[in-house]
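Asks: I need the structure of the sequence given here:
(2 chains)
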Amino acid sequence: MAPEPALRLRGITKRYGTVVACDGVDLTLERGEIHGLLGENGAGKSTLMRILLGLETQDSGAIDRDGRTVTIAGPRQAAALGISMVHQHFSLVDPLTVWENVELGRSGPVRRAAARAGVLAAAERYGLAIDPDARVGTLSAGQRQRVELLKCLRRDPAVLILDEPTSVLTQAESAELFTVLRRVVAAEHRAVVLISHKLAEITTVTDRVTVMRAGRVVLRRDTAATTEAELAREMVGREVTLGAAVGVLPRAGAGAAPAASAEAALRLRGLTARPGLDDLNLTVRAGEIVGLYGAEGNGQKSLGDILSGLTVPDAGTVEVAGAPVDLRRAGALSAAGLGIVPEDRHHAGVVLDLSVAQNLVMTRLGDVSGRVFVDRRRLRRRARALADEYGITAASLDTPLRHLSGLGCWSPPSPPAASTWAPSRTCTHACAAARTTAWPCC
Amino acid sequence: MSAVAVDLETILSSGIRLAAPLAFAACGEYIAERAGTLNVSVEAMMLSAAFGSIAVADLTGSATAGLLAGVLLGVLVGAAHGALSHRWQVNTFVVGLVLNALVLGLTSYLITVGDPGRHQVAQLSVPGLRDLPVLGAPLFVERWPVYLLIALVPLAWWLVERSRWGLELRAVGENPEAADMTGIRVNLRRRQALLWCGALAGLGGAHLAVGEVGSFNQNMTAGRGYLVIAAVIFGGWRLGRTLAGCALFGLADALRLALPALGHTVNSQLLISAPYLLALLAMLMFTTRQRRPGALAQPFGRAP
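Replies: Coordinates of the predicted model:
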């Protein structure tokens, strides 16, 4: 008889009100293989994993761990059952050091020297170089991912779940991560779940793949027996061009985009700020998209902060449509017509406790208010118009943004003169082609 | 000894006596705030313990029993605060202020019902050292509970900075969501921190009554709990600096008491407000927001 799978999910169903997040999902995770879980935002992947971690309880269905049916009441119990997850939004504590964070996932007395040595040994074994004494808050996204992974692996999990692990990583870092995962699977015989919507990753890294759509499993295959085209079709639910599905967007300007004009919409002169910005000059003309390329930590964050009005640069000026902007005044950039989609939208882009409608009009309150009062009717009308224009799907515009699942945490500014976008956390290019979900989100 | 040295010794003595109750409570408040719970009810803990210690001392005839009763009453207030704000999710400020008002009212009433006599724990002086000039009397002739600080301060520090419990506590105070994901019971840790805070603040309040003063009067703590909160903020949530803040407030208080005796005439009502003014000034000058626990005073519940 074949050994029992590390984890078997049978008929997992979870409803939120009328929305069925998971609909009779069966999933079998074998030891020693990487299992790809593919699906668009809102397909039910995250809900399924939250159930596995005990953050949610399924309405019906059962979970078998090594053949024994278990109930998972919370993260602590999930850990005791050997289920560990590398989170999409990190579960690290910034002010603590690396070794303290890794130690958090363990038990027994804290012995500093032993804990540090343990981190170093694990880092060595998996090839994840890290300084155990560094404060996590000072690390780059890639380094934080390493810490997160080390923290999980130090718990010696039988089942390791990675939720969109590469959304914050560079190509090289992603490659490194997958090398580590291979080692974890081959040498240590763990079961790994890789949640992703990047088809290239799924096809190159995984052994088997499960595709989810609208809460259901729509495809289950050995990865070798499938193609990116088939996966893309199953994920979206109809034929899509492969280019769009694997994340190659149609060439800018190929359509009816207006030609770039001679006029500079945004001009940065001699922008200098800590950390990383040294005399940056940049011109963006109306009608063109300018990409800034570089590994993380080379001033992108400083630039984003300046253009968001969060920091005032040490030197340099910002001109929007030819007019210099007083960077010390709050809202000056927005008033001048600069829209910004911040890198980390949960922290900087939206107010999660305000409603969808309030978030939509937030950047241009002047449009919906008089001198003193906000005109609620105008606010709703404006929000409705924006929601329709950008295809934002929410049960109600009065829903607090916090309650939106994954979708649409993206506050479209009023048509801006120029807009910047840090795309490292955007996702679901397939849905940009399919238009089933509104805007890419974290 | 010169007159200046005598004055200095007097001020230093009373400064340390006034700072000691603050120091006990500050150790507790430091633990609580590192867990992310801004414990406003530290005033209630101190005041109920001050009353309880005198009452129990009167009943049993033992000041030490009174001291223990004070600790228990502090724990009781801590348990109430913890259950209300970290089990039933009532706003922590509201809970704190209501508890403070409740205890003030209750003790003011109860002290008029019974009429406890004077009770004070024994004085302990360290032979040899007590004869040192200037510092000898202030540091080495004290009511004995003061010497508990020698053990309790390192204990509080070790608990927070070195134990696993403290590591989890700090994680809870900085980022409760991450702690929860890791499998730490956030609200349980916060309730436990409040119990520690209650015990230590209770000891502080009891020490004020049966240690330093020997009796209880209405609103005896007179806002000392708030000074303790100020000290923790002033100390940037680090124990050493927090205790330095307590010493500073204690000395300011001592100066207020000593000035008239030294022949300076200052409006006494104005002087009473001096430590609080000083607390404001000190916080204005030395507070750094950087060290503030990331989730201080933010309730935790799992997102739906």
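Asks: so residue B:15 belongs to a strand, correct?
Replies: No - using DSSP: H, G, I helix; E, B strand; the rest coil, the assignment for residue B:15 is helix, not a strand.
Asks: from chain A, how far off is it?
Replies: 34 Å (CB to the nearest CB, to the nearest Å). Backbone N, C-alpha and C define where each C-beta goes, glycine included.
Asks: quick check: that residue vs residue B:211, distance?
Replies: 15 Å (CB to CB, to the nearest Å).
Asks: looking at these two, which is more packed in?
Replies: Neighbour comparison, residue B:15 and residue B:211: the larger count goes to residue B:211, with 30 against 22 (by other CB atoms under 10 Å in any protein chain shown).
Asks: following the host helix or strand of residue A:121, which helix or strand comes up?
Replies: Per DSSP states H and E: residue A:121 is located in helix A:112-126. Sequence-wise, the next helix or strand downstream of helix A:112-126 (DSSP H and E) is helix A:141-153.
Asks: okay, that next one in CSV with CA atoms only?
Replies: Written as CSV, here are the backbone C-alpha positions of helix A:141-153 (Å, rounded to 0.1, in the frame of the first residue of the first chain):
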residue,chain,number,x,y,z
ALA,A,141,12.1,42.5,0.9
GLY,A,142,14.3,39.7,-0.4
GLN,A,143,16.2,39.3,2.8
ARG,A,144,12.9,39.4,4.8
GLN,A,145,11.7,36.5,2.7
ARG,A,146,14.8,34.5,3.6
VAL,A,147,14.1,35.2,7.3
GLU,A,148,10.5,34.1,6.9
LEU,A,149,11.6,30.9,5.1
LEU,A,150,14.2,30.2,7.8
LYS,A,151,11.6,30.8,10.5
CYS,A,152,9.3,28.2,8.9
LEU,A,153,12.1,25.7,8.2
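Asks: and that helix, how far from the chain's centre?
Replies: A distance of 15 Å separates the centroid of the chain from that of helix A:141-153, by CA atoms, centre = their mean, to the nearest Å.
Asks: for it, name the packing helices and strands.
Replies: Under the contact criterion of 3 or more CB pairs under 8 Å, 6 or more residues apart in numbering or on different chains; DSSP states H and E, helix A:141-153 touches strand A:83-86, helix A:98-104, helix A:112-126, helix A:171-188.
Asks: who wins for proximity to residue B:236 among these?
Replies: Nearest to residue B:236, of all the helices and strands packed on helix A:141-153, is helix A:98-104, at 19.1 Å by CB to CB.
Asks: who touches that closest one?
Replies: Residues outside helix A:98-104 that contact it (CB atoms under 8 Å, 6 or more residues apart in numbering or on different chains): A:92-93, A:96, A:110, A:112, A:115-116, A:118-119, A:122, A:130-136, A:139, A:147, A:150-151, A:154, B:164, B:167-168, B:171, B:179, B:182, B:184.
Asks: pLDDT of that helix, averaged?
Replies: With pLDDT averaged residue by residue, helix A:98-104 scores 93.
Asks: next: stretch B:259-269.
Replies: So the average pLDDT for stretch B:259-269 ends up being 74.
Asks: what segments of the chain are helices?
Replies: Answering for chain A, as no chain was given. A:45-52, A:75-80, A:98-104, A:112-126, A:141-153, A:171-188, A:199-205, A:228-236, A:242-245, A:300-308, A:332-336, A:356-361, A:376-390, A:429-434 (DSSP state H).
Asks: my question was about chain B, not that one.
Replies: B:3-34, B:42-60, B:63-86, B:92-113, B:136-140, B:148-161, B:164-174, B:176-182, B:186-206, B:224-234, B:239-261, B:268-272, B:274-286.
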